[in-house]
Structures are given as structure tokens and as C-alpha cells.
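>>> what's the 3D shape of this:
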Amino acid sequence: MKMTLLIIGVLILGIITGIVLPQIDFDLIANGPKYLLYPILILAGMEIGFFNKKADLKFFLSLMRDTLLVMLGTIAGSYFGGMLASLVFNMQLNQGLAIASGFTWYSLSGVILSEIAGAKIGAVAFVANVLRESLVFLFVPYLCQKNFTHGSISIAGASSMDVSLTVISRYADPRIAGISFLHGTILTFLVPVLVPLMYSIQG
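You can find the predicted model right below:
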């Protein structure tokens, strides 16, 4: 709980700092976290590698099984949320499903939907997936503490292979980190296929 509150506090501090400070090079700010992320990902990957060094075929098969189950749960939960959001906000069903298909990959899903559905839907997809990724930093410490580790991977969506992996590997064991990486990798390949596919559905 303390870590969750600390993360919320740091996020709020960053927002206030961005409002108060004079305008500076946005590219510098946007790319800064990316370069900080690389060494963290290397360390997370090393942890997964050390854990899996003595693993046998049975272990890897169980890892893939659990990854597929979590991934199916992520997709089902995301689409349920997309359908619910389309009802609550009076959107077309295909729009809600397409936005949900971003699975936190806000940059790509926003661009795709901006091109095929217009700037408004693209902006909604961008914001919705940014907020979803932000939930990882708020809830993963708590979920892992309560042993809902697979749930934390589902919230992370496609980002469970990179940005969110750093948080998940911090609070969960290396096996869960391995599932998180595979889960995010598969979803990353599915996003550019599912976003336009779901939008093409005519209700």
C-alpha cells in the first residue's frame, strides 16, 4: 500500500512539475524514460534468464500454457470493458472493441484509429490506453501482494513485455515475469491486426 501511494505521489508531482515549469523540448521528455527503461529491462531479462537456466521442457510447456490462458483472459476482459464502455458512453460497439484492442499500445492504436475512424476516436484510444497502462503502476504492487499476479499481467496488456515488466518483475517472482514477457510479446503482434479488424465489425 505504501508503494502504491508513493507511485501516485510521484506521478502527481510529475504532472505538477510539467504544468509549473516553462515549456521545454518535448522530444527530450518523451524519449527520456525510454533510455532509462533499457537498463531496467536488461536486469529484468537477466533475472528471468537466471531463473529459467535450470528449467526443463515440462516447465516451458507449463509456462506457455499459463501465458495463453492469461492472454485469453486479457482479451476477453478487454473486450468486455470495450462493450461496456460503448454502452455507457453511447459509442458504436465496433469503436469500443477497436479501442480495447489497443491493449495499452496507445501510440499505435491511436494512429491506426485516427486514420480509419477519425481524430476523435484516435484521441480516445490514445488516452484510454495510456490510462490503462498507468493503472499498472498503481495496482500491481497491491495485486501482487494479494497473489493476483496474473491479474496484474492482464491489466498491463501489451506493455507487460516492456514498460510494465519492470514493475511486475519487481513485485512478482521470475516465473510470473516470464509469463508477463511472453504475454506482452504475443499481444504486441495482435494489436495491429485486431484494432482494424474490430473496427470493421458492423453492428
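>>> Leu190 and Leu97, how far apart?
13 Å (Cβ to Cβ, to the nearest Å). Glycine gets a C-beta too; all of them are placed from N, C-alpha and C.
>>> run through the residues that contact the closest residue to Asp66 other than its chain neighbours.
Nearest residue to Asp66, sequence neighbours excluded (Cβ to Cβ, 6 or more residues apart in numbering): Ile179, at 5.4 Å. Contact analysis of Ile179 by Cβ atoms under 8 Å, 6 or more residues apart in numbering lists 63, 66-67, 70, 150, 153.
>>> closest one to Gly118 out of those, please.
Using Cβ to Cβ, Ile153 comes nearest to Gly118 of the contacts of Ile179, at 32.1 Å.
>>> test my guess that the closest one contacts Ile168.
Yes - contact between Ile153 and Ile168 holds when scored by Cβ atoms under 8 Å: they sit 6.5 Å apart.
>>> overlap in contacts of those two?
With contacts defined as Cβ under 8 Å, 6+ apart, the residues shared by Ile153 and Ile168 are 160, 176, 180.
>>> with the residues you listed in mind, which one is nearest to Leu93?
Checking those one by one against Leu93 (Cβ to Cβ), the nearest turns out to be Ser160, at 26.3 Å.
>>> what about the closest one, how many neighbours?
Ser160 has 33 neighbouring residues, counting by other Cβ atoms under 10 Å.
>>> that one contacts Ser180, correct?
Yes - look at Ser160 against Ser180 with Cβ under 8 Å: they come within range, at 4.3 Å.
>>> what is in contact with those two at once?
The contact sets of Ser160 and Ser180 overlap at 153, 168 (Cβ under 8 Å, 6+ apart).
>>> low-confidence ranges in this protein?
Along the chain, the parts satisfying pLDDT under 70 run over 1-8, 10-11, 15, 18, 21-57, 203.
>>> longest helix of it?
Scanning the chain for the longest helix, with DSSP state H as the assignment, gives helix 57-88.
>>> please point out which parts of that one sit buried.
Going by neighbour count (16 or more other Cβ atoms under 10 Å), the buried part of helix 57-88 is 63, 66-67, 70-71, 74-75, 78-79, 81-82, 85-86.
>>> dump those residues to JSON lines, plus distance to Ser200.
Shown next, in JSON lines, are the buried residues of helix 57-88 (distance: Cβ to Cβ, whole Å):
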{"residue": "Leu63", "distance to Ser200": "34"}
{"residue": "Asp66", "distance to Ser200": "31"}
{"residue": "Thr67", "distance to Ser200": "28"}
{"residue": "Val70", "distance to Ser200": "27"}
{"residue": "Met71", "distance to Ser200": "22"}
{"residue": "Thr74", "distance to Ser200": "21"}
{"residue": "Ile75", "distance to Ser200": "17"}
{"residue": "Ser78", "distance to Ser200": "17"}
{"residue": "Tyr79", "distance to Ser200": "15"}
{"residue": "Gly81", "distance to Ser200": "20"}
{"residue": "Gly82", "distance to Ser200": "15"}
{"residue": "Ala85", "distance to Ser200": "19"}
{"residue": "Ser86", "distance to Ser200": "15"}
